[in-house]
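Participant: sharing a sequence plus its predicted fold:
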Amino acid sequence: MTTLIDSKKLLTSENLEAAGITESRIPALLLAASALHDAVCQIDRDRMPGLRTHFPEVITVAQMYGQADEILHGLEDS
């Protein structure tokens, strides 16, 4: 089951700008979120519970980025 993130909380340029983030910092934040999403998606399924237990925010940020893009998929709860 996938945890759906409220569309206002997804990591998009529009949402970051609406949150008051300086326009010049938005590309760097999205690039960092993309790298985090890639890294989390490559973690073995049997290692995900440890990440979810000790660093749930990492999973949340990866989901906030992944669900903002139609091509990327959100991370499944495990």
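Facilitator: All right, it came through fine. What you see is a predicted model, and the numbers here were worked out from it, not measured in a lab.

Participant: where do the helices sit along this structure?
Facilitator: Applying DSSP state H to the chain gives helices spanning 13-18, 26-41, 48-54, 56-66.

Participant: among the ones you listed, which is nearest Ser7?
Facilitator: Of all these, the one in closest proximity to Ser7, counting by C-beta to C-beta, is helix 13-18 (8.2 Å). Every C-beta, even on glycine, is put in place using the N, C-alpha and C of the backbone.

Participant: could you say what helices and strands the closest one packs with?
Facilitator: Helix 13-18 sits against helix 26-41, with contacts defined as 3 or more C-beta pairs under 8 Å, 6 or more residues apart in numbering; DSSP states H and E.

Participant: got any ranges where the protein has weak pLDDT?
Facilitator: Within the chain, the stretches with pLDDT under 70 are 1-2, 70-78.

Participant: so which residue is dead centre in it?
Facilitator: Compute the mean C-alpha point of the chain, and by C-alpha atoms, centre = their mean the closest residue is Ala62, 2.2 Å away.
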